[in-house]
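Q: Need a 3D model of the following:
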Amino acid sequence: MSSYSQMQPSDGLTALYDTLGTLLTTRTKKNVIMVILTDGLENASQKYAKEDVKRLTEKAKSKYNWQFIYLGANHDAMKTGNDIRMNVSSEYQYNREGLKNILVKSGEAIRTSRATGRQIMSI
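A: Sure, this is the predicted structure:
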């Protein structure tokens, strides 16, 4: 993983739908827990739209038992995550401490889910 100092937006663009759409149409492994960590809203996708990602997310959940955690900074992560059918969404402060805290909480939720076989309900 890159160091915190290297995790800076390169151009201010976030092709969230294209990234998720591409991944969700090329992966069929079962029981995946996907964590999406972003500092901005979708503003650059050209191939996939929100409706495509909703459909693909629902398919991954129902057919392959995927879980999705959406972690967002600098925007309404709860709304954005809900809009694209994430299981859990949470906001974090875009600084060293905020990033550390949300990653620790996410890791704990993932470990609990894996150990118990239960869906992640919150972060």
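
Q: can you dump the C-alpha coordinates of stretch 69-80 into PDB?
A: Below are the C-alpha coordinates for stretch 69-80, written out as PDB (Å, rounded to 0.1, in the frame of the first residue of the first chain):
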ATOM      1  CA  ILE A  69     -18.500  -1.100   2.100                       C
ATOM      2  CA  TYR A  70     -18.400   2.400   0.800                       C
ATOM      3  CA  LEU A  71     -16.100   4.900   2.600                       C
ATOM      4  CA  GLY A  72     -16.300   8.400   1.400                       C
ATOM      5  CA  ALA A  73     -14.700  11.800   2.400                       C
ATOM      6  CA  ASN A  74     -15.700  15.300   1.400                       C
ATOM      7  CA  HIS A  75     -19.300  14.300   0.300                       C
ATOM      8  CA  ASP A  76     -22.400  12.600   1.500                       C
ATOM      9  CA  ALA A  77     -21.100   9.100   1.600                       C
ATOM     10  CA  MET A  78     -24.300   7.700   3.100                       C
ATOM     11  CA  LYS A  79     -26.400   8.900   0.200                       C
ATOM     12  CA  THR A  80     -23.900   8.000  -2.400                       C
END
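
Q: sec struct for K30, please.
A: Using DSSP: H, G, I helix; E, B strand; the rest coil, the structure places K30 in coil.

Q: Spit out the contact partners of the closest residue to it other than its chain neighbours.
A: Using CB to CB, 6 or more residues apart in numbering and skipping residues adjacent in sequence, the residue nearest K30 is Y64, 4.9 Å away. Heads up, the C-betas are built off the backbone N, CA and C, glycines and all. Y64 sits next to T28, K29, K30, N31, V32 when contact means CB atoms under 8 Å, 6 or more residues apart in numbering.

Q: What is the neighbour count of the first one?
A: When neighbours are defined as other CB atoms under 10 Å, T28 has 10 of them.

Q: ok, now how distant is the closest residue to N43 other than its chain neighbours from N87?
A: The spatial neighbour of N43 that comes closest, neighbours along the chain excluded (CB to CB, 6+ apart), is T14 at 5.5 Å. Distance of T14 to N87, computed by CB to CB, to the nearest Å: 21 Å.

Q: likewise N65?
A: N65 is 11 Å from N87, by CB to CB.

Q: Kind regards, and thank you for your time.
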